[in-house]
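Student: model the structure of this input:
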Amino acid sequence: MSLTPVLNNFDEPGPDSLDAALDEVGVPARDEGGGYLVHNEMEADWVLRKIARHEAHIADVNLQADTVIQRVEDWRKREVGQAQGAIDWFTHPLRSWVAGAIAGMKKKTANLISGSVGLHKQVPEVVRDDELLLKWLTERGMTEFIILEPKINWQAVKPCLKLDDGEAVWIREGLDDPTGEVLKFIRATPRPDKLVVKTATPTLRGI
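Tutor: Okay, the predicted model is just below:
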């Protein structure tokens, strides 16, 4: 008689058995539109569990997508690299040929059945260190070569404003400050309190 256990005779709990059990605890009632009505902490926790599962699903989908995208990017890089290498290899002998083909001619391009080959003048490639160049120009007072971009210091402006019924009022005092002037070009739109929901660490259970 074999002592090997017949594992198929043993029922093991499925991965969703806990979730299925928890789904029966604290189920909120629904309104006429089908939405849930939360009245207590148990019902709120039931909703959080639902949110956590969807968050886990999003994480799982993103992980799978990132993996596939990376594989496609690796494939693209490999295929493009090989093709570009072949193009460079075939292009190399054309340079010496076209130089002789257009020698003494006004035109700098040889037109062929499958395309054209030419030698065109290029401007020199300039590599500059903007930081050192800016310092050099500044030290010599050559400000006409320097662009100073005006930028608002919003952190300094905010304390000078009073937001009143959607309007921004300038309240800073000073000889040149229009104290109490309403700045029509600044609007403050009231917003409701932001609902912040933080779930426990998401699991990869099904939704």
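Student: in its sheet, what does the longest strand along the chain sit against?
Tutor: Longest strand of the chain, by residue count under DSSP state E: strand 182-187. Using DSSP bridges, strand 182-187 pairs in its sheet with strand 167-170 (antiparallel).
Student: name the residues of the strand it pairs with that come out as buried.
Tutor: 168, 169, 170 (16 or more other CB atoms under 10 Å). C-beta coordinates here come from the backbone N, C-alpha and C atoms, glycine included.
Student: which stretches of this structure form strands?
Tutor: 29-30, 36-37, 109-112, 115-118, 161-164, 167-170, 182-187.
Student: grab the CA positions of the third one and hand them over as PDB.
Tutor: Okay, so that is strand 109-112. Provided in PDB are the C-alpha atoms of strand 109-112 (Å, rounded to 0.1, in the frame of the first residue of the first chain):
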ATOM      1  CA  THR A 109      25.100  66.200 -55.100                       C
ATOM      2  CA  ALA A 110      25.100  63.100 -57.300                       C
ATOM      3  CA  ASN A 111      21.600  61.900 -58.200                       C
ATOM      4  CA  LEU A 112      21.200  58.200 -58.600                       C
END
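Student: distance from it to the middle of the chain?
Tutor: 45 Å (CA atoms, centre = their mean, to the nearest Å).
Student: within its sheet, name the partner strands of it and how each one runs.
Tutor: Using DSSP bridges, strand 109-112 pairs in its sheet with strand 115-118 (antiparallel).
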